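Visitor: Sequence first, predicted model second:
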Amino acid sequence: MIIDAFILRALLAGFLVAVAAGPLGCFVVWRRMAYFGDATSHAAILGVALALAFDVSIFAGTLATALAMAVVVAALAGRGWAVDTTLGVLAHSALAVGLVAVSFLPGVRVDLSAYLFGDILTVTASDLWIMAIGAALVVGLLVWRWEPLLTATISEDLARSLGLDPARERLALTLALAVTVAVALKVVGALLIAALLIVPAAAARVYARSPEAMAVWAVLLAGLAVAAGLGASLQLDTPAGPSIVTAAAALFAGSLAGAALIRVVRAR
Amino acid sequence: MSAPLIEARGLSVAYGHADPVLRHVNFALHPGEIVTVVGPNGSGKSTFLRTLLGMIRPAGGQVTRAPGLRVGYVPQKLHLDPSLPLSVARFLRLHRRLDAAAVEALLVRVGVPGLAERELATLSGGQFQRVLLARALTGSPQLLVLDEPTQGLDQPGTAGFYRLIEDVRRELGCAVLSVSHDLHVVMSASDRVICLNGHICCEGTPSVVSNAPEYRALFGLGTGGALALYQHHHDHGPEHPDHPHDHLEHEGCDHDH
């Protein structure tokens, strides 16, 4: 069987996102930051509009707006705002404002669905290089700060008593999230980036007995979802991004069902 | 007396523009000392502890810690998200290199052997507190700091935990600084009890349960002498021979306990 180059590139792009989203998604789940991921990734649409308006690269535009949104959200959360309401307002406003902004662009007919749901089959070699650098940054940051991040996640007081600064660890996660959003935009699109963070990590919880194992399982499951989703998308002619997330959801459901079955069998 | 482990002079702490939580607190903790801070909710006990440990920057005054002070901290509470798979052993290894034997030795020391591979989220309240204590002991601390360590434990559990702290302290020779919201129950081994309500209301030695049979009856006999009643005789003059603590010069101290 001959695999076309664009399919290989798509697979590679998906795997790069899986490598970054796996461990980061674990922290998003552990720290209950799901809405935080939503707000940051929805802001990417605004970044697309700005990038097109000012004629800079989409990657730079989404990275900048995702970063700005992540910093704003982190600052608001730090001031004790009602976090779910604030994040809900920001997440959906960012998406709506971004969509409105795109429609204002003169003379450009933008295929919005590519940014909303991803366009993984059009990934170019230079896209891959940028994504590889982004994924390496995220993984490098998480590996470097792993122990402090984990400690601050378990208890901020405990972290402080060990001389760590929980605010700095939050910033590290914020940065990693913004970079991941920029990397993943072309793979699953702004609407579904948060899903690729949360769903594989949640499924990984079933198999993992340690935080480190959960991160590795999340990468494996996200990679599997990318391969399965992409395969299904080619076979069934379905959109690639949503197919990948659907595959991840199926893995999640299967994991939960398997865990329940094991519990029942052991109980007998 | 040797140099203090921690010393605070004229300490004031405020959150934002609100009234200060702590006002002009002077305090020194010496090596090997057991000090318990008591006070009603909102009296600034936790804030006091956190400021001493450098977690909160004071608005006024200064805190001096002995250079290279090793602190073992037992946090007030720890909400672990069930989505985080964390074994007891992994928890004890946070920022510490411990082999399996060292982990088990620590667990034996705090009276919960064989829990190393259990998930933290599945432990009972008493087991959890002991694991938190074990983690605080990993760095062979000179000072053990406990923020309401027995919250949520029943009375025998509380007594057992305090006895354990006393044993550990005897072995390590570390100082112990703890906080309790229960004005009546403090560690009987405390060298000093500090009553805090925004400022230090009073401090002194706790009177021991065995001297007060009526209180012993009140608290039951099952505590093995680990719990003591801190008696406030405010109707006595300061010159009264039974007066168990020294009142400091102050104004506006609310004793609503």
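Guide: Happy to help now that I have it.

Visitor: From now on I want contacts and neighbour counts done on CA atoms only, so please keep to that.
Guide: Fine.

Visitor: where does the chain have low pLDDT?
Guide: With no chain named, the answer covers chain A. A:1-2, A:77-83, A:107-109 (pLDDT under 70).

Visitor: Hmm, no, I was thinking of chain B.
Guide: B:1, B:181-188, B:204, B:206-257.

Visitor: Which residue ranges of it form helices?
Guide: B:45-52, B:88-92, B:100-109, B:125-137, B:155-172, B:213-219 (DSSP state H).

Visitor: Show me which positions of the third one end up buried.
Guide: Taking 16 or more other Cα atoms under 10 Å in any protein chain shown as the basis for neighbour counts, the residues of helix B:100-109 that come out buried are B:103-104, B:106-107, B:109.

Visitor: just to revisit the earlier point, looking at the helices of chain B, which is nearest to chain A?
Guide: Of all the helices of chain B, it is helix B:88-92 that lies closest to chain A, at 7.6 Å by Cα to the nearest Cα.

Visitor: neighbours around residue 19, how many?
Guide: Went with chain A since none was named. Counted by other Cα atoms under 10 Å in any protein chain shown, the residues lying close to A:V19 total 23.

Visitor: not quite, I wanted chain B
Guide: B:D19: 10 neighbours (other Cα under 10 Å).

Visitor: what's the distance between it and A:D165?
Guide: Applying Cα to Cα, to the nearest Å, the value for B:D19 to A:D165 is 26 Å.

Visitor: Equivalent analysis for A:L171, please.
Guide: 10 Å.

Visitor: Skip ahead from the helix or strand hosting A:A96 and say which helix or strand is next.
Guide: Assessed by DSSP states H and E, A:A96 sits inside helix A:83-104. Moving toward the C-terminus from helix A:83-104, the next helix or strand (DSSP H and E) is helix A:112-117.

Visitor: That following helix - contacts with which helices or strands?
Guide: Helices and strands touching helix A:112-117, by 3 or more Cα pairs under 8 Å, 6 or more residues apart in numbering or on different chains; DSSP states H and E, are helix A:34-54, helix A:166-188.

Visitor: The first one and chain B, any residue contact?
Guide: Going back to what we said before, that points to helix A:34-54. No: Helix A:34-54 lies out of reach of chain B by Cα under 8 Å from any Cα of the partner chain, never closer than 12.9 Å.

Visitor: rewinding a little: turn the buried residues of helix B:100-109 into CSV, including distance to chain A.
Guide: Supplementary listing: those in CSV, determined by distance: Cα to the nearest Cα, whole Å:
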residue, distance to chain A
B:V103, 16
B:E104, 18
B:L106, 18
B:L107, 19
B:R109, 21
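
Visitor: and which of these is nearest to A:L150?
Guide: Closest approach to A:L150 among the buried residues of helix B:100-109 (Cα to Cα): B:V103, at 19.1 Å.

Visitor: show me where the stretch 1-150 of chain B has strands.
Guide: B:6-13, B:22-29, B:34-38, B:60-65, B:71-74, B:143-147 (DSSP state E, counting those that start in this stretch).

Visitor: If you count contacts, what does the last one end up packed against?
Guide: Taking 3+ Cα pairs under 8 Å, 6+ apart as contact, the helices and strands that strand B:143-147 lies on are helix B:45-52, strand B:71-74, strand B:175-180.

Visitor: got the ones you listed as CSV, with mean neighbour count and distance to A:I133 columns?
Guide: Listed next are those as CSV, based on neighbours: other Cα atoms under 10 Å in any protein chain shown; distance: least, Cα to Cα, whole Å:
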stretch, mean neighbour count, distance to A:I133
helix B:45-52, 22, 41
strand B:71-74, 25, 40
strand B:175-180, 24, 49
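
Visitor: Can you add distance to A:T65 and give these back as a markdown table?
Guide: Listed next are the helices and strands packed on strand B:143-147 as a markdown table, based on distance: least, Cα to Cα, whole Å:
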| stretch | distance to A:T65 |
| --- | --- |
| helix B:45-52 | 36 |
| strand B:71-74 | 40 |
| strand B:175-180 | 45 |
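
Visitor: For A:A247, find the nearest of those.
Guide: strand B:71-74 (43.2 Å).

Visitor: Show me what the residue in the stretch 101-250 of chain B that chain A sits nearest to is bridged to.
Guide: Nearest residue of the stretch 101-250 of chain B to chain A (Cα to the nearest Cα) works out as B:E119 at 8.2 Å. Beta-bridge partners for B:E119, by DSSP bridges, are B:S87.

Visitor: would you list the helices of chain B in TSV and tack on distance to A:A260?
Guide: Formatted as TSV, the helices of chain B follow (distance: least, Cα to Cα, whole Å):
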stretch	distance to A:A260
helix B:45-52	42
helix B:88-92	24
helix B:100-109	31
helix B:125-137	26
helix B:155-172	35
helix B:213-219	46
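
Visitor: List, one by one, the residues from chain B near chain A.
Guide: Residues of chain B found near chain A (Cα under 8 Å from any Cα) are B:53, B:55, B:71, B:73-75, B:78-81, B:83-87, B:90, B:94-95.

Visitor: Just the buried ones from these, in PyMOL syntax?
Guide: The buried residues among the residues of chain B next to chain A can be selected in PyMOL (16+ other Cα under 10 Å) with this line:
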select buried, chain B and resi 53+55+71+73+74+75+80+83+84+85+86+87+90+94+95
